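Student: Any chance you could fold what I've pasted below:
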Amino acid sequence: MWLPLKTNRPTVWTVLTVAVTAALFGYFLFYPLSYVFQKSLFVNGEFTLVFFKGLMSDKFSSEGLRVSLLVAAWVTVLSTGLGALFALCMQRVQFPGRGLAASMMLLPMILPPFVGAIGFNTLFSRYGAVNQLLMQWGWVSASAPPDWLGNPFWGIILLETLHLFPIMYLNIAGSLSLVDPSIEEAAQGLGARWFTLLRTVTMPLILPGVFAGASIVFIWAFTDLGTPLIFNYKKIATVQIFDMVRSPDTNPRGYALVVIVLLITAAVFLAAKVLFGRRRYEMPAFGRTSASVARPNALVRWGLAAVLWGVLLMALIPHAAVAMLSVSRGWSMTVLPQQWTADAFLRVAEHPLASISIQNSLIYSGIATIFVLLLGGATAYTLARRRFPGSEVLDMCSMLPLAVPGIVLAYGYVSTFTGTVLDPFENPVILLVISYAVRRLPLVVRALYAGLQQTSITLEEASAGLGAPPAATFRTVTLPLIRPHIIGAAILAFVFSMLEVSDSLILAMQQDFYPMTKAIYVLAGRMGDGVVMAAAMGVMGIALLGLGLGLAQKLLGKGLGQMFRA
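Tutor: Below you'll find the predicted structure:
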């Protein structure tokens with residue numbers, strides 16, 4: 001085991017990295033958030049809780065918070081259950097199609113829930129494909145078919161669960177791979193059966209990974225904006241914030257609502273860090289073997305295969321619906337589209353809104369990726385190779401964007417910078433790029449920090465011992481060794497910026513500056529071929545994110561799961 005060479009002397013690199021990070025977070029994170037806190041807690045310079053009291057007394061607003069918490073809780077519980085089931089079965093049980101299922105586990109992540117909602121609406125609306133099929137079979141009345149989406153609450157939970165449970169799978173599978181099988185074998189030798197073994201040995205060992213992943217799932221589900229917007233579901237906090245964002249000063253309760261959302265997400269993030277962030281169980285370093293894979297009887301194997309493949313196929317149904325809609329001339333009042341064509345993709349290339357939004361997203365995401373690679377790389381290198389007072393603060397700041405939802409950050413930008421040179425109503429490009437970069441910073445820092453941890457410091461010491469200056473050592477030794485992590489981090493930062501929802505929907509006010517996700521949302525609400533074009537753009541997003549996640553998994557391996565945990 002090697003220890004990174006660290007020095008207590010503050011270097012120019014350390015001072016510069018800390019200064020740039022402090023300036024960035026001070027002006028583009030803490031300043032907007034402090035402004036929102038000030039507007040929610042002070043009136044004419046006097047402290048007051050009147051906005052919070054009004055928020056809690058308003059039935060509509062308090063119901064929105066309650067529904068948001070319920071959605072997040074349900075999604076977290078269901079995602080954790082599915083993630084644990086898949087992780088345990090993939091790693092510990094033999095069943096038909098196990099290898100193929102493992103290779104498909106990330107597919108549900110490649111469809112943003114709000115794009116999936118377009119396909120979901122097509123399938124389950126009152127006269128959608130499902131009811132049309134049931135009418136043909138005579139199971140429902142054509143005059144009064146059931147309204148599956150009369151209350152979109154469960155539709156939102158289902159879509160977000162099917163999108164987020166692979167995050168739990170990655171975290172739990174990663175934790176399971178670190179468990180020394182000899183510990184479980186010792187418990188079995190003492191007579192522990194499978195359930196007792198799981199409850200008393202395996203679960204305590206993987207619990208930190210479970211809660212770290214669950215906290216991220218909770219925050220993502222609690223602050224998701226796109227899915228309820230597509231469902232036009234107003235009884236949820238994020239949509240209420242979205243409706244207030246154009247004129248925040250005329251409705252000061254919006255500040256209070258943003259503060260409450262931020263406090264809840266920060267509390268969940270900090271609880272995960274404090275309770276489980278430092279709980280690590282050291283495993284024996286030598287003589288470790290791979291965990292044995294159980295081969296139960298045929299009935300159990302085929303039963304597990306049916307359940308797991310059923311969940312996977314259900315998770316891919318929205319993908320299939322969006323894909324079919326994108327290659328049709330419209331899909332209404334029929335079980336399947338009646339006319340098939342790829343014209344929607346051509347119209348996307350020609351339509352001013354669609355084409356300019358794709359170009360905008362490529363530009364915004366490309367600049368944000370370059371920026372976050374430079375800052376994230378400097379931060380990761382400083383944390384891995386230097387010891388200095390305040391390193392823990394720098395580490396915490398680099399992870400803080402995980403606890404600051406995009407909708408909170410975007411609301412803070414609108415409130416703070418309206419009327420300044422960065423006014424998003426005039427030109428949101430700079431704020432969009434910065435918000436993308438800030439939100440992706442934790443992914444980049446973790447990926448590059450992991451790469452530096454896996455790179456032996458002795459190679460850098462040898463280069464320095466031969467007389468190479470620090471810059472040459474970094475360029476010729478360190479960079480080539482962590483190149484896969486740099487590429488993987490860049491890919492993830494780029495594709496997740498391309499498909500960022502909350503920041504894009506709120507900050508892009510004018511059509512000329514719309515990014516891809518804002519164009520999808522606008523087109524999905526238009527009559528005529530708007531929804532088909534939105535589906536075509538969604539398919540492009542699916543292809544982009546799928547390719548990006550596939551490449552990142554190949555480059556980062558099991559380290560990919562570490563990027564989706566608090």
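Student: Please name the spatially closest residue to Thr161 (chain neighbours excluded).
Tutor: Leu78 (4.4 Å; CB to CB, 6 or more residues apart in numbering). For every residue, glycine as well, the C-beta is placed using N, CA and C.
Student: so how far is Ala214 from that neighbour?
Tutor: 11 Å (CB to CB, to the nearest Å).
Student: More neighbours: which of those two?
Tutor: Ala214 (24 against 20; other CB atoms under 10 Å).
Student: so that one makes contact with Thr76?
Tutor: Yes - judged on CB atoms under 8 Å, Ala214 makes contact with Thr76 at a distance of 5.4 Å.
Student: And the helices in the stretch 151-300 of the chain?
Tutor: For the stretch 151-300 of the chain, the helices defined by DSSP state H, counting those that start in this stretch occupy 153-177, 181-189, 194-197, 203-222, 226-230, 237-244, 253-276, 298-326.
Student: that older thread, who are the contact partners of the residue nearest to Thr161?
Tutor: By CB atoms under 8 Å, 6 or more residues apart in numbering, the residues touching Leu78 are 157, 161, 165.
Student: what's around Val274, how many residues?
Tutor: 9.
Student: Strands of the stretch 351-500 of the chain, start to end?
Tutor: Assigned by DSSP state E, counting those that start in this stretch, the stretch 351-500 of the chain shows no strands.
Student: Overlap in contacts, Leu78 and Ala214.
Tutor: What both Leu78 and Ala214 touch, as defined by CB under 8 Å, 6+ apart, is an empty set.
Student: I'd like the C-alpha coordinates of the host helix or strand of Phe52 written as PDB, please.
Tutor: Element membership of Phe52 [criterion: DSSP states H and E] is helix 50-57. Output of helix 50-57 as PDB, limited to C-alpha atoms (Å, rounded to 0.1, in the frame of the first residue of the first chain):
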ATOM      1  CA  VAL A  50     -43.600  35.700   8.300                       C
ATOM      2  CA  PHE A  51     -42.900  34.200   4.900                       C
ATOM      3  CA  PHE A  52     -42.300  30.800   6.400                       C
ATOM      4  CA  LYS A  53     -45.500  31.100   8.500                       C
ATOM      5  CA  GLY A  54     -47.400  32.100   5.400                       C
ATOM      6  CA  LEU A  55     -46.000  29.200   3.500                       C
ATOM      7  CA  MET A  56     -47.000  26.700   6.100                       C
ATOM      8  CA  SER A  57     -50.400  28.200   6.500                       C
END
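Student: and that helix, what does it pack onto?
Tutor: Here helix 50-57 touches helix 31-41, helix 59-92, helix 253-276, going by 3 or more CB pairs under 8 Å, 6 or more residues apart in numbering; DSSP states H and E.
Student: thinking again about what came up before, can you pull the pLDDT of the residue nearest to Thr161?
Tutor: pLDDT recorded at Leu78 is 96.
Student: For Gly310, find the nearest of the helices and strands packed on helix 50-57.
Tutor: Across the helices and strands packed on helix 50-57, Gly310 has its closest neighbour in helix 59-92 (11.2 Å, CB to CB).
Student: following that closest one, which helix or strand comes up?
Tutor: helix 98-103.
Student: can you give me the mean pLDDT across that following helix?
Tutor: The pLDDT scores in helix 98-103 average 82.
Student: Quick check: next helix or strand after that helix?
Tutor: Assigned by DSSP H and E, the successor of helix 98-103 is helix 113-124.
Student: Would you mind measuring from the residue nearest the centre of the chain to Ala323?
Tutor: Nearest to the mean C-alpha position of the chain, counting by CA atoms, centre = their mean, stands Trp220 at 6.2 Å. Relative to Ala323, Trp220 is positioned 24 Å away (CB to CB).
Student: swap in Val335?
Tutor: 16 Å.
Student: next one: Thr14
Tutor: The value you get for Thr14 to Ala323, if CB to CB is used, is 50 Å.
Student: Also Val539?
Tutor: For Val539 relative to Ala323 (CB to CB), the value is 6 Å.
Student: Equivalent analysis for Lys39, please.
Tutor: To Ala323, Lys39 is 44 Å away according to CB to CB.
Student: who's more crowded, these two?
Tutor: Lys39 (21 against 18).
Student: so that one sits right up against Tyr255, yeah?
Tutor: Yes - counting by CB under 8 Å, Lys39 does reach Tyr255; the two are 4.4 Å apart.
Student: Next, the nearest residue to Val115 once chain neighbours are set aside: phi, psi?
Tutor: Using CB to CB, 6+ apart and skipping residues adjacent in sequence, the residue nearest Val115 is Gly538, 3.9 Å away. When quoted as degrees, to the nearest 10, the phi and psi of Gly538 stand at phi -60, psi -40.
Student: Now do the contacts for Gly538.
Tutor: Here Gly538 is in contact with 111-112, 115, 118, 322, 326, 520 (criterion: CB under 8 Å, 6+ apart).
Student: One more pass at 10 Å, please.
Tutor: 111-112, 114-119, 318-319, 322-323, 325-326, 499, 516-517, 520, 523-524 (CB atoms under 10 Å, 6 or more residues apart in numbering).
Student: do Met396 as well
Tutor: Contacts of Met396 (CB under 10 Å, 6+ apart): 270, 273, 403.
Student: burial count for the first one?
Tutor: The tally of other residues near Leu270 (other CB under 10 Å) stands at 15.
Student: distance of the spatially closest residue to it that is not a sequence neighbour from Val433?
Tutor: Excluding its sequence neighbours, the residue lying closest to Leu270 (CB to CB, 6+ apart) is Ala403, at 7.3 Å. According to CB to CB, Ala403 and Val433 sit 21 Å apart.
Student: ok, now Val245?
Tutor: 19 Å.
Student: Ramachandran angles for the nearest residue to Phe231 once chain neighbours are set aside?
Tutor: Once flanking residues are discounted, Phe231 sits nearest to Pro152: 3.8 Å by CB to CB, 6+ apart. Main-chain torsions, Pro152, degrees, to the nearest 10: phi -70, psi 0.
Student: In terms of helices and strands, where is the residue nearest to Leu353 when sequence neighbours are not counted?
Tutor: Spatial nearest neighbour of Leu353, chain neighbours left out: Ala519 (5.4 Å); criterion: CB to CB, 6+ apart. Per DSSP H and E: Ala519 is located in helix 516-524.
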